[in-house]
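> I need the structure of the sequence given here:
(chains A and B)
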Amino acid sequence: MRPFDYQAPADAGTAVAAVAARPDAAFLGGGTNLVDHLRLGVAEPGLLVDVTGLLPTGISDDGGGLRIGAGVANADLAADSRVRRHYPVLARALLSGASGQLRNMATTGGNPLQRTRCLYFQDVTTPCNKRSPGSGCAAIGGATRQHAILGASEHCIATHPSDMAVALSALDAQVEVLGPDGERTLAFGELHRLPGDAPERDTVLEHGELITAIVLPPLPVAARSDYRKVRDRASYAFALVSVAAALEVTECRITDSRVAFGGVAHTPWRARRAERVLRGATPSDEAFHAAAAAELADARPQDGVDGGNAFKIPLLTRTLAGTLRDLARQEA
Amino acid sequence: MFLDGLSPERRGTLRRMDHELTLRVVGAEHRLSVDSRTSLLDALRQRLGNTSPKKGCDHGQCGSCTVLVDGVRVLACLTLAVTRDGSEVVTADGLSAGPPGSGGDHPLHRAFVDEDAFQCGYCTPGQVCSAVGMLDEFARGRPSVVTGDLGAAPELDDAEIAERMSGNLCRCGAYPGIRAAVARVGREREGTR
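Okay, here's the model as predicted:
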């Protein structure tokens, strides 16, 4: 492991200035992904700036929604009674990720910034455009079971690993950021970026920008919401596919919905085409399958030595249909 | 003072990457200097000689390094020691019938023996610490992903125990015994509340 300096400043402004001043500096939150990367040689910062003691750790009511401090542990957020009642999709997404120990460590600000679990990205002996720009992609044509079917490029087919981020995408959350030039707020759906020809950039955040809070808007449709995750073992594994969904049914018509997918793209994938198909439809398997088909019309499965990942299209279709079917029943 | 226990050669090698910190481990306070790269797991095992937490994978995938930091179960391998200055650490060998370090079997120690909850024993200290943290989370009404109704207090059934303990792998496959041991202590706790 490359040696690094360590600082634990008292306030966010000092932390941002410290990281912004050094191109090889990085923020350290719960460390559940970054510390592993230090050990693997995937990340080699010269300075770690510990923000765990300075980020807000409270969850406050905010104009009918919730403001979640970036330092709130994933376990504490999932246990919050307001999240469980008004945003069950977020509680379920958090609880379906990682393990009890890791959820106690991981933070609200850090979880969406965790990096892909692409095996080639994590193996420094293989080419990877995300880890080492311009070196190539060992995943293309390799083992692609965990890889993308939507929005990938010829440079990178990695998927985003976070469950929480899929729920936040569906919930139209906002992200509050402090940077060297001050504060800004962006839509959660604009935080992550597709790989294109610069897969080394997971998000639109600039060097030195720090997530300080995530804000959930008031969203009545979210009271009937759920997260369903399909994986290779029953617990403690990353998603092959996942669905975050919320559904409002009035007089046998779908009057509002939120849908996002995980495990299929470089970003949490907000399924707006599916939402458009659902609007006004009668809840039925036919409508749910039509919604999936609309969203997956541009899906491009990967070949692979492990058989590839074309299975994700029917698997995601059925996972979406099953999730919506159960939500529609809840409504009745 | 933090150099106590270090050889003169080692004292001469302290560099800018070294940081002083205080850890309270099973009731005893330790002042030590660690390289910023040192994990809490290595600080406990290599510097303080506490070999109760085990190094299984060293990548946060097996749970054998689980310890309680300020009462919460965490992975010591993914925790940099320097980030836990001033913390209270309890390892499996420090769990006791009374306060940490006071001696006597902790109910989970007893239950693991009685329920045949291990074979080789390598994962056991992590399992026991994880179970202590998990039962505390459960007692506070925290849900898991298999909790049917997020608004209701969960029931400590087999599915809940398996899900909440999924971060601790056992390559001997002693899971039925582990679930039984955790269930027994959980039931005893519920009976005394």
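> which strands and helices sit next to the lengthiest helix in chain B?
As assigned by DSSP state H, the longest helix anywhere in chain B is helix B:175-192. Applying 3 or more Cβ pairs under 8 Å, 6 or more residues apart in numbering or on different chains; DSSP states H and E, we find helix B:175-192 packed against helix B:107-114, helix B:124-139, helix B:158-164. From N, CA and C alone the C-beta is placed, and that goes for glycine too.
> Highest mean neighbour count out of those helices?
Scoring those by mean neighbour count under mean count of other Cβ atoms under 10 Å in any protein chain shown gives helix B:124-139 as the most buried, with a mean of 24.
> could you give the angle of it to helix B:107-114?
120 degrees (axes from the mean of the first three to the mean of the last three Cα atoms, to 10 degrees).
> ok, and the closest non-adjacent residue to the residue in chain B that chain A sits nearest to?
Distance from chain A to each residue of chain B (Cβ to the nearest Cβ) is smallest for residue B:167, at 2.5 Å. Counting by Cβ to Cβ, 6 or more residues apart in numbering or on different chains, residue A:99 is the residue found nearest to residue B:167 once chain neighbours are left out, at 2.5 Å.
> how far away is that neighbour from residue A:276?
Distance, residue A:99 to residue A:276, by Cβ to Cβ, to the nearest Å: 37 Å.
> Report the beta-bridge partners for the closest residue to residue A:113 other than its chain neighbours.
Of all residues not flanking residue A:113 in the chain, residue A:203 sits nearest, at 6.7 Å (Cβ to Cβ, 6+ apart). Using DSSP bridges, the beta-bridge partners of residue A:203 come out as residue A:192.
> How much space separates residue A:203 from chain B?
Separation of residue A:203 from chain B (Cβ to the nearest Cβ, to the nearest Å) stands at 22 Å.
> where exactly do the helices run in chain A?
Using DSSP H, helices in chain A cover A:12-20, A:34-40, A:74-79, A:81-86, A:88-95, A:100-105, A:164-170, A:272-278, A:285-295, A:312-331.
> For the fourth one, what is the distance to the chain centroid?
Spelled out, it's helix A:81-86. Between the centre of helix A:81-86 and the centre of its host chain there is 20 Å, according to Cα atoms, centre = their mean, to the nearest Å.
> Contact partners for the nearest residue in space to residue A:159 that is not next to it in sequence?
The spatial neighbour of residue A:159 that comes closest, neighbours along the chain excluded (Cβ to Cβ, 6+ apart), is residue A:148 at 5.1 Å. Residues in contact with residue A:148 (Cβ atoms under 8 Å, 6 or more residues apart in numbering or on different chains) are A:157, A:158, A:159, A:264, A:265, A:266, A:302.
> Now neighbour count too, for the residues you listed, in JSON lines please.
Putting those into JSON lines (neighbours: other Cβ atoms under 10 Å in any protein chain shown) gives the following:
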{"residue": "A:157", "neighbour count": "29"}
{"residue": "A:158", "neighbour count": "25"}
{"residue": "A:159", "neighbour count": "29"}
{"residue": "A:264", "neighbour count": "30"}
{"residue": "A:265", "neighbour count": "23"}
{"residue": "A:266", "neighbour count": "25"}
{"residue": "A:302", "neighbour count": "21"}
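> low-confidence ranges in the chain?
Just going to use chain A. Residue ranges of chain A with pLDDT under 70: A:331-332.
> The chain in question should be chain B.
Judged by pLDDT under 70, the stretches of chain B that qualify are B:1-16, B:192-193.
> Specify the beta-bridge partners of the most centrally placed residue in it.
Geometric centre of chain B, nearest residue: residue B:67, 1.9 Å, by Cα atoms, centre = their mean. Beta-bridge pairing for residue B:67 (DSSP bridges): residue B:74.
> Name the residues that touch the longest helix of chain B?
Under Cβ under 8 Å, 6+ apart, the answer for helix B:175-192 is B:107-108, B:111-112, B:114-118, B:127, B:131, B:134-135, B:138-139, B:156, B:158, B:161-162, B:165, B:168, B:170.
> change it to 10 Å
B:106-119, B:123-124, B:127-128, B:130-132, B:134-136, B:138-139, B:155-162, B:164-165, B:168-170, B:174 (Cβ atoms under 10 Å, 6 or more residues apart in numbering or on different chains).
> Show me what counts as buried in that helix.
B:175, B:177, B:178, B:179, B:180, B:181, B:182, B:183, B:184, B:185, B:186 (16 or more other Cβ atoms under 10 Å in any protein chain shown).
> Please produce a markdown table containing those residues, extended by distance to residue B:20.
Converted to a markdown table, the buried residues of helix B:175-192 look like this (distance: Cβ to Cβ, whole Å):
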| residue | distance to residue B:20 |
| --- | --- |
| B:175 | 42 |
| B:177 | 43 |
| B:178 | 39 |
| B:179 | 43 |
| B:180 | 44 |
| B:181 | 40 |
| B:182 | 38 |
| B:183 | 43 |
| B:184 | 43 |
| B:185 | 38 |
| B:186 | 40 |
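> ok, the residue nearest to the centre of chain B touching residue B:100?
No. Assessed by Cβ atoms under 10 Å, residue B:67 is found out of contact with residue B:100, at 11.2 Å.
> Overlap of the contact sets of these two?
B:25, B:89, B:90, B:91, B:94.
> My guess is the last one contacts residue B:104. True?
No. Using Cβ under 10 Å, residue B:94 makes no contact with residue B:104, being 11.8 Å away.
> So which of those two has more stuff around it?
residue B:94 (21 against 10; other Cβ atoms under 10 Å in any protein chain shown).
> now that one, nearest residue through space, not along the chain?
residue B:26 (3.0 Å).
> and the residue of the stretch 101-250 of chain A nearest chain B?
Closest point on the stretch 101-250 of chain A to chain B, by Cβ to the nearest Cβ, is residue A:235, at 3.7 Å.
> Need phi/psi at the closest residue to that residue other than its chain neighbours.
Closest residue in space to residue A:235, ignoring its immediate chain neighbours: residue B:166 at 3.7 Å, by Cβ to Cβ, 6+ apart. Note on residue B:166: its backbone torsions stand at phi -70, psi -10 [degrees, to the nearest 10].
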